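Visitor: Everything below, folded, please.
(chains A and B)
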Amino acid sequence: MWKWLHPYAKPEKSYQLAGKLLPWFVVLTVITFIIGLLWGLLFAPADYQQGDSFRIIYIHVPAAMMAMGAYSSMAIAAFVALVWQIRLAEMTVAATAPIGAVFTFIALFTGAAWGKPMWGAWWVWDARLTSELILLFVYLGIIALYNAFSDKVLAGRAASILTLVGVINLPVIHYSVVWWNTLHQGPTISKFGKPSMAVEMLWPLLIMIAAFATLLGALILMRFRNEILTRESHRPWVRQLALNNVKITGKN
Amino acid sequence: MAFNSLADFFAMGGYGFYVWLSYGISFLVLAVLIINTLTKRKKILKTVTQRIAREERIKKAKNRKDTL
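Guide: Purely as a prediction, here's the structure:
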């Protein structure tokens, strides 16, 4: 029943599948970003307390959510890589880490730029902010560890183990606003109960979350393809691909 | 629309600096990440073609008969 999955354990097939999916993700990313940004910046009404500064939410929340989403998918890939020794899963871990780090940085930076006018400080050592900063360091640690080994099999295994260790930080980030008295406001959208946000502000936020999710997907696909090419660079199919690429661009 | 004029839009109700700083830096960082991902691919393919060319040269040199 699951036989159709087997060919995708082959790097070449996975590379092709990623290539087929990529255009869809790119198109969706562009569309959702345009709609979400126009709606969020131009049409959503100003907040009754925070004025127009609340518009930072349209990048802050999606970036923070996808920073954690990227980590969750990385952790699943790391688990698969370690238990079933699937190399492609290790490559997914390596492909995702830099994207997660960038998203975490965006969440922290926009949070600081929002905190300054609202709380009066760029940074406070509050539970949510500190745990998010630790997430950034965990991401950087995974990237550094992966690059520290020239043997990529060993590098992939080490990075996967560190990824699983770092999972402990995810519930801490998520519940930090509940467990501790923090300056950071509680969740705006939760899985249970009604969102504490007006509908005309909520829609652009949901679209921006979709935009960041598809951007994450597109970037993972691109970097996953890069990882495959690097690790398989001696194989005939990669050599053929490289030669064809030169022919098309006509350079070098 | 939430704003009456373009100047209003850029002012963001007095929070213009913070709002545009957030959006500006975010998209700058994302652009760097996307460019990095694209150039990496080009670099990998270039390295592979250079290696193929070098292997070809070595093979040709080995096949030459009029060497020392």
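
Visitor: Show me what the helix-or-strand element of chain A with minimal mean pLDDT is packed against.
Guide: Ranking every helix and strand in chain A by mean pLDDT, DSSP states H and E puts helix A:236-249 at the bottom, with a mean of 84. Helix A:236-249 makes packing contacts with helix B:16-63 when contacts are defined by 3 or more C-beta pairs under 8 Å, 6 or more residues apart in numbering or on different chains; DSSP states H and E. Bear in mind the C-beta positions are built from the backbone N, C-alpha and C, glycine included.

Visitor: quick one: the helix it packs on to helix A:236-249, angle?
Guide: Between the axes of helix B:16-63 and helix A:236-249, defined by axes from the mean of the first three to the mean of the last three C-alpha atoms, to 10 degrees, the angle is 110 degrees.

Visitor: just the strands in chain A please.
Guide: Listed in chain order, chain A contains no strands at all (DSSP state E).

Visitor: Alongside chain A, which residues does chain B contribute?
Guide: Proximity of chain B to chain A, by C-beta under 8 Å from any C-beta of the partner chain, involves residues B:1-3, B:9, B:12-15, B:18-19, B:21-23, B:25-26, B:29-30, B:33-34, B:36-38, B:40-41, B:44-52.

Visitor: Give the buried subset of those as a ChimeraX selection command.
Guide: Remark: buried members of the residues of chain B next to chain A, expressed as a ChimeraX selection using 16 or more other C-beta atoms under 10 Å in any protein chain shown:
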select /B:2,3,9,12,13,15,18,19,21,22,23,25,26,29,30,33,37,40,41,44,45,48,49
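
Visitor: So which residue is smack in the middle of chain B?
Guide: Among the residues of chain B, the one closest to the centroid is B:Ile35, at 1.8 Å (C-alpha atoms, centre = their mean).

Visitor: and the gap between that one and A:Phe103?
Guide: With distances taken as C-beta to C-beta, to the nearest Å, B:Ile35 is found 16 Å from A:Phe103.

Visitor: so where's the chain shaky on pLDDT?
Guide: Since you didn't name a chain, this refers to chain A. Residues of chain A meeting the criterion pLDDT under 70: A:1, A:190-195, A:248-252.

Visitor: oops, chain B please
Guide: Applying pLDDT under 70 to chain B flags residues B:67-68.

Visitor: can you do 50?
Guide: Along chain B, no part satisfies pLDDT under 50.

Visitor: Not counting sequence-adjacent ones, nearest residue to A:Gly100?
Guide: Of all residues not flanking A:Gly100 in the chain, A:Ala70 sits nearest, at 3.8 Å (C-beta to C-beta, 6 or more residues apart in numbering or on different chains).

Visitor: close enough to count as contact, A:Ile56 and A:Lys116?
Guide: No. The criterion here is C-beta atoms under 8 Å, and A:Ile56 misses it with A:Lys116 at 10.5 Å.

Visitor: shared neighbours, those two?
Guide: Common contacts of A:Ile56 and A:Lys116, defined by C-beta atoms under 8 Å, 6 or more residues apart in numbering or on different chains, comprise B:Tyr18.
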